[in-house]
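In: Sequence first, then the predicted structure:
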Amino acid sequence: MKGVLLVNLGSPESPTAKDVKPYLDEFLMDERVIDVNKVLRNILVRGIILQTRPKKSAKAYAKIWWDEGSPLIVLSERFSEKLKTHTDMPVALGMRYGTMTIKTALQELNDKGVDEVLLVPLYPHYAMSSYETVVVKTMDVQKEFFPQIHLTTLPPFYHNSEYIKALSQSITDGLKDFEYDHILFSYHGIPERHIRKSDPTRYHCKIDGSCCHINSVAHHTCYRHQVYETTELVKAELGLDETKVSSSFQSRLAGDPWLKPYTDYEFERLAKEGKKRLAVITPAFVSDCLETLEEIAMEGKEQFTEAGGESYKHIPCMNDSDTWVQVMADWVNAWEETGALPSN
Ligand SMILES: C=CC1=C(C)c2cc3[nH]c(cc4nc(cc5[nH]c(cc1n2)c(C)c5CCC(=O)O)C(CCC(=O)O)=C4C)c(C)c3C=C
Ligand SMILES: [Fe+2]
Ligand SMILES: [Fe+2]
């Protein structure tokens, strides 16, 4: 029997430093997130970052936490529950980090008699720190505990036309009551080094924008190419004015250079350029989370208005919108019926 495994990033158990610390430990000790050798990673993460970050992160989580729990978890659960009403297959939800494990979710499917699983990493774009780590972890768990299960993985869907239409619809809905001067597409950042590491040709990705429009096999795993492609396709779908749209990268940690331009610098630049009314969309995330609700909706608004901006709107992620659930249902049901996976 076929079944679906949805996997998102995960959240701490509660917005306290005590619970944020083990969550961040698991997250940042992932070799695909902080990709240095184990000894150095240990020093960096446990000796430096975890000394101060849990307290700071817990404060941020406390600002966005809901009565039901972490927004990312609650919204992923709502999405999963809605998807169940659109398919005959069993659907389970797991998280890459934290207590809602991939193993438990696979066990749930296994107990229902599922032996063919469609793995759906809940990320539109490929990055070693998001999509790839979910795939590798799920394959490891499957090999060790569920060797009888056959796994198929949904490819990154950043350029799929149904996804682009659903994302565009969410922008149209989000802008119903908001006149904008500019729309900023703010994607989660990654270190530039990750782009080079994920380039199978080892020479294509230059990170300066000179490569992303040249056709290459490297684009299958190039986060930078994929996010710019999403922006371009949405621009075309909605007929947006070229001068009123741009992309940027948020959520960087200190250290090596991350993908530029940085979102917080863009808030200032756009305000100084005279853009008074800014809408921000965060398409690297399908569910709202700390990075959208705190960093963009709260902090971003403050940064933009302090720099001279007047009105600001964060457009929510697609979350459990009917349109987005229907798109996912069409993909998983097509796989159930014919084995086909979504293409462009
Ligand atoms: C080296 C550090 C990090 C990389 C690389 C990274 C990539 C990356 N992350 C997401 C999605 C999310 N990240 C979230 C939170 C978060 N991310 C990092 C670090 C890196 N992410 C940290 C330390 C944190 C925790 C919070 C903090 O202390 O700032 C979240 C939110 C989780 C939640 O509970 O709400 C998401 C989602 C992607 C898609 C990605 C690569 C493209
Ligand atoms: Fe992150
Ligand atoms: Fe590129």
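Out: Perfect, I can see it now. Numbers count the residues shown, from 1 in each chain. Ligands and ions are numbered 1, 2, ... in the order given.
In: what does the protein have sitting close to ligand 1?
Out: Residues of the chain lying near ligand 1 by CB under 6 Å from any ligand atom: 9, 11, 24, 33-34, 53, 57, 70, 72, 123, 127, 129-130, 188, 190, 223, 251, 253, 284-285, 289-291. For the C-beta atoms, the positions are set from N, CA and C on the backbone; glycine is no exception.
In: If any of these are buried, put those into a PyMOL selection.
Out: To isolate the buried ones among the residues of the chain next to ligand 1 in PyMOL, judged by 16 or more other CB atoms under 10 Å, type:
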select buried, resi 9+11+24+33+34+53+57+70+72+123+127+129+130+188+190+223+251+284+285+289+290+291
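In: In helices, which of the residues of the chain next to ligand 1 appear?
Out: Applying DSSP state H to the residues of the chain next to ligand 1, the entries found in helices are Leu24, Arg53, Ser57, Leu72, Tyr223, Leu290.
In: what separates the second one from ligand 3, distance-wise?
Out: Read it as Arg53. Per CB to the ion, to the nearest Å, Arg53 is found 31 Å from ligand 3.
In: Hmm, Asp25 and that residue touching each other?
Out: No: in this structure Arg53 lies outside contact range of Asp25 using CB atoms under 8 Å: 10.2 Å.
In: Looking at the ones in helices among the residues of the chain next to ligand 1, which is nearest ligand 3?
Out: Tyr223 (9.3 Å; CB to the ion).
In: Could you give the bridge partners of the closest residue to Lys235 other than its chain neighbours?
Out: Spatial nearest neighbour of Lys235, excluding adjacent residues (CB to CB, 6 or more residues apart in numbering): Val245 at 5.5 Å. Beta-bridge partners for Val245, by DSSP bridges, are Ile183.
In: which ones are touching Val245?
Out: His182, Ile183, Leu184, Phe185, Thr231, Lys235 (CB atoms under 8 Å, 6 or more residues apart in numbering).
In: From ligand 1, how far off is the third one?
Out: Separation of Leu184 from ligand 1 (CB to the nearest ligand atom, to the nearest Å) stands at 17 Å.
In: what's near enough to touch that residue?
Out: Val245, Ser246, Ser247, Ser248, Thr263, Glu266, Phe267, Leu270, Leu278, Ala279, Val280, Ile281.
In: how close does it get to Lys244?
Out: Per CB to CB, to the nearest Å, Leu184 is found 10 Å from Lys244.
In: The fifth one now?
Out: For Thr231, the distance to Lys244 equals 12 Å [CB to CB].
In: So for these two, which residue has more residues nearby?
Out: A count of neighbours by other CB atoms under 10 Å puts Thr231 above the other of Thr231 and Lys244, at 20 against 14.
In: I'd like the average pLDDT over the helix or strand containing that one.
Out: Assessed by DSSP states H and E, Thr231 sits inside helix 223-238. Helix 223-238 shows an average pLDDT of 97 in the prediction.
In: again, but for stretch 191-209
Out: Rounded mean pLDDT across stretch 191-209 is 90.
In: Now do it: distance from first to last residue.
Out: 15 Å (CA to CA, to the nearest Å).
In: Mind listing residues that contact that stretch?
Out: Contacts to stretch 191-209, defined as CB under 8 Å, 6+ apart, come from residues 35, 126-129, 132, 211, 214, 216-218, 220-225, 255-259.
In: If any of those residues are buried, put those into a ChimeraX selection.
Out: Filtering these down to the buried ones (16+ other CB under 10 Å) takes a single ChimeraX command:
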select :126,127,128,129,132,211,216,218,221,222,223,224,225,258,259
